[in-house]
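Q: Dropping a prediction and its sequence here:
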Amino acid sequence: MHGGGKALEAALENLFQQAKRAIEDGATLLILTDQNLTRDRAPIPALLAASGLHHFLIKEGLRNMTGIVLESGEVREVMHFSMLIAYGTDAVCPYLAFASIRNLSESKIMEEERTAEEAMDNYITAVKKGLLKTISRMGQSTLHSFFGSQIFECIGINKSVVDKYFCNTSTRVGGIGLDEIARETIMRHRIAFPDRGEAPKLLHPGGVFHIRKHGEKHIWTTEAIYKLQLATRVNDYGTFKEYTELVDKQAAKFAVLRSLLEFKKTKPVPIEEVEPVEEITKRFVGAAMSFGSISREAHEAIAIAMNRLGARSNSGEGGEDPARYEPLPNGDRRISRIKQIASGRFGVTTDYVMHADELQIKIAQGAKPGEGGQLPGHKVNAEIARVRHTTPGVTLISPPPHHDIYSIEDLAQLIFDLKAVNPAARVSVKLVSEVGVGTIAAGVAKAKADTVLISGYDGGTGASPLSSIKHAGLPWELGVAETQQVLMDNQLRDHIRIQTDGQLKTGRDLAIAALLGAEEYGFGTSMLITLGCVMMRKCHLNTCPVGVATQDPRLRE
């Protein structure tokens, strides 16, 4: 209970040796449980124990002689199950999750009345669906293929821990070791067994997915949202500086890789020698948000604003109303200069392709790599169905990755075809920040694309399933840096432009993106917030109270 990293290491070694003796004595099933914890005994973290044992038994040549079952109070979310299975756990019993569901049911505090058995069955179904989505996202067809596959990257764990307990997992950033893991484990244990007084009756509020008072910290705080909206509505640069200072401080304190970087102090050049603002804004793009995911008013407002700046808005993976191709009486243009191509679905016609300055081939989505976009059927009204050439009320799901692209040769053919239809348009390819994206980007450059977009993990819509909002994709900093270096090594850097997006919020973010290699910058969430979005994260319900992400005419008014 009072030990640090050495005590945790010794406990793990003791667990491994007990398992080895049990197998030698004829055991064919090992059950790891944390139910026996006491005031003086804190449990080993479940994933660390299960993965460590899995790899120990492989090294000892004993893994195929036994199954590993985990019985743990830690396991509750889809990602927990996914990680355990991918790191060698044969079966999982989330006993505390089941006990909590039974308590909720018997206490009659569920939103809809269910028997305990029905509620637990619903939970199991939800986990199975989440696992199916996760396995599918990784390009695998069976649970057997996913088992032990370890197709993840660690962010924030040091190499010595990974090499011993999560063997052969990529960990490019480094981070905490057993000392910090032990310290966090004991901190949690002391909440349940405090040195003085009684344990709190209420659980920690959480707040991983939604902002909660005294919960997990978010960079998009209520104050940051208010400051940005005030600054942009009254055009007050002083308030905007307050917003950027607030966001940069939040980022430094909590969340992002770029907060670990500092600028070197150098002698400044005269401001007159710096590229003017009017040229810089031409490098800005609106992130791809489809008509339907956001309202017509929001979609057109973004297009008008970007066109005024000489920047480019993105249609998202859907058609565009031909009426938007004509300028408004005051000279404003509602056209999205970037048209997205997602497997030729949803309104991709020759006319659509011809009215583009840039055609973007969507291979993947930053916040949901391996998944396509999804628009719930109740948001597909008659107008959206007309524009996107589909049927009202039917859910629109674009294929996860491009199902008609299996190689760089296929991609090169599609790029050639698009340039044949619209020779004046640039062609960009949207990729996701992940290990090896630099190699794919090199192939994109060889396929004669003009731009490659490296999309980060923390952008994306509030309409995503909870299992897609977290733990999917990687920071754009890693992807952009890798892409820049691979293109340089292969003498391809001058063949293609690099663009990035994923929660770019301040000038500091853009400066770091530029230093890592990006020449163009995409904005999504921040643009929606300037239009009034208050981050309710209810986009999928069609109930956005400020009319930004809804098709309800009453709310849009």
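A: Structure received. Numbering: from 1, shown residues only.

Q: could you point out where the protein is predicted with low confidence?
A: 1-2, 254-255, 343-345, 366-367, 370-372, 398-404, 459-464 (pLDDT under 70).

Q: Helix or strand next in line after the host helix or strand of residue 119, which one?
A: Per DSSP states H and E: residue 119 is located in helix 116-137. As assigned by DSSP H and E, the chain's next helix or strand after helix 116-137 is helix 143-146.

Q: Buried by neighbour count: which residues of that next one qualify?
A: residue 146 (16 or more other Cβ atoms under 10 Å). Placement of C-beta: from N, CA and C, glycine included.

Q: Determine the set of other helices and strands touching it.
A: Secondary-structure packing of helix 143-146 (3 or more Cβ pairs under 8 Å, 6 or more residues apart in numbering; DSSP states H and E): helix 78-86, helix 116-137.

Q: Please compute how far the longest one lies from its chain's middle.
A: The reference is to helix 116-137. 20 Å (Cα atoms, centre = their mean, to the nearest Å).

Q: Could you list which residues are in contact with residue 551?
A: Taking Cβ atoms under 8 Å, 6 or more residues apart in numbering, we find residue 551 in contact with 292, 295, 379, 381, 383, 384, 542.

Q: most packed of the helices and strands packed on helix 143-146?
A: Of all the helices and strands packed on helix 143-146, helix 78-86 carries the top mean neighbour count, a mean of 21, counting by mean count of other Cβ atoms under 10 Å.

Q: what are the ranges of the strands in this protein?
A: Remark: strands assigned in the chain by DSSP state E are 29-33, 67-71, 91-93, 156-157, 175-176, 284-286, 338-341, 358-362, 374-375, 396-397, 426-432, 451-455, 497-501, 520-523.

Q: Tell me which of those sits most buried.
A: Mean neighbour counts for the strands of the chain (mean count of other Cβ under 10 Å) peak at strand 451-455, with a mean of 29.

Q: tell me the angle of that strand relative to strand 497-501?
A: With axes from the mean of the first three to the mean of the last three Cα atoms, to 10 degrees defining the directions, strand 451-455 sits at 20 degrees from strand 497-501.

Q: and strand 451-455, which strands flank it?
A: In the sheet, strand 451-455 lines up against strand 426-432 (parallel), strand 497-501 (parallel) (DSSP bridges).

Q: Out of the ones you listed, which gets nearest to residue 508?
A: The closest of those to residue 508 is strand 497-501. By Cβ to Cβ, the value is 14.3 Å.

Q: count of residues packed around the closest residue to residue 20 other than its chain neighbours?
A: Leaving aside its sequence neighbours, residue 20 sits nearest to residue 60 (Cβ to Cβ, 6 or more residues apart in numbering; 6.2 Å). Under the neighbour criterion other Cβ atoms under 10 Å, residue 60 is assigned a count of 14.

Q: and what of the one 5 residues further on?
A: Using other Cβ under 10 Å, the number of residues around residue 65 comes to 13.

Q: and it, what does it touch?
A: Residue 65 neighbours (Cβ under 8 Å, 6+ apart): 23, 28.

Q: Give me the distance between it and residue 145.
A: 22 Å (Cβ to Cβ, to the nearest Å).

Q: try residue 156
A: 27 Å.

Q: now do residue 4
A: Residue 4 is 38 Å from residue 145, by Cβ to Cβ.

Q: Contact partners for the residue lying closest to residue 552 once chain neighbours are set aside?
A: Leaving out its chain neighbours, the residue that sits closest to residue 552 by Cβ to Cβ, 6+ apart is residue 542, at 5.9 Å. By Cβ under 8 Å, 6+ apart, the contact list for residue 542 reads 376, 378, 379, 550, 551, 552.

Q: Generate a PyMOL selection restricted to the buried subset of those.
A: Provided next is the PyMOL selection string for whichever of the contacts of residue 542 are buried by 16+ other Cβ under 10 Å:
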select buried, resi 376+379+550+551
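
Q: Adding distance to residue 406, write the contacts of residue 542 out as a markdown table.
A: As requested, the contacts of residue 542 are exported to a markdown table (distance: Cβ to Cβ, whole Å):
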| residue | distance to residue 406 |
| --- | --- |
| 376 | 30 |
| 378 | 34 |
| 379 | 32 |
| 550 | 38 |
| 551 | 35 |
| 552 | 41 |
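
Q: Pick the one among the contacts of residue 542 closest to residue 245.
A: residue 550 (32.4 Å).

Q: Surely the closest one touches residue 533?
A: No. With contact defined as Cβ atoms under 8 Å, residue 550 does not count as touching residue 533 (11.0 Å).

Q: that older thread, save the strands paired with strand 451-455 as CSV, and put in distance to residue 12 too.
A: Putting the strands paired with strand 451-455 into CSV (distance: least, Cβ to Cβ, whole Å) gives the following:
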stretch, distance to residue 12
strand 426-432, 34
strand 497-501, 39
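
Q: Any figure for the gap between residue 4 and residue 11?
A: 11 Å.

Q: Which of these two has more residues huddled nearby?
A: A count of neighbours by other Cβ under 10 Å puts residue 11 above the other of residue 4 and residue 11, at 17 against 14.

Q: before we move on, back to that, can you list residues touching both of residue 550 and residue 533?
A: residue 544.

Q: Residue 141: how many residues sit nearby?
A: Residue 141 is flanked by 9 other residues according to other Cβ under 10 Å.

Q: For it, which non-adjacent residue is closest in space?
A: That would be residue 135: by Cβ to Cβ, 6+ apart, it lies 7.8 Å from residue 141.

Q: Same check on residue 544?
A: Per Cβ to Cβ, 6+ apart, closest to residue 544 is residue 550, 4.0 Å.

Q: For stretch 305-318, output the C-alpha coordinates as CSV.
A: Output in CSV follows, covering the C-alpha atoms of stretch 305-318 (Å, rounded to 0.1, in the frame of the first residue of the first chain):
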residue,chain,number,x,y,z
ALA,A,305,-16.6,34.2,-44.1
MET,A,306,-13.8,32.1,-45.6
ASN,A,307,-14.4,33.5,-49.1
ARG,A,308,-14.2,37.0,-47.7
LEU,A,309,-10.8,36.2,-46.3
GLY,A,310,-9.5,34.5,-49.5
ALA,A,311,-9.5,31.2,-47.5
ARG,A,312,-11.4,28.0,-48.4
SER,A,313,-14.3,26.3,-46.7
ASN,A,314,-15.0,22.6,-47.1
SER,A,315,-18.3,21.1,-48.2
GLY,A,316,-17.8,18.0,-46.0
GLU,A,317,-18.8,14.6,-47.3
GLY,A,318,-22.0,15.6,-48.9
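
Q: This completes my enquiry, with thanks.
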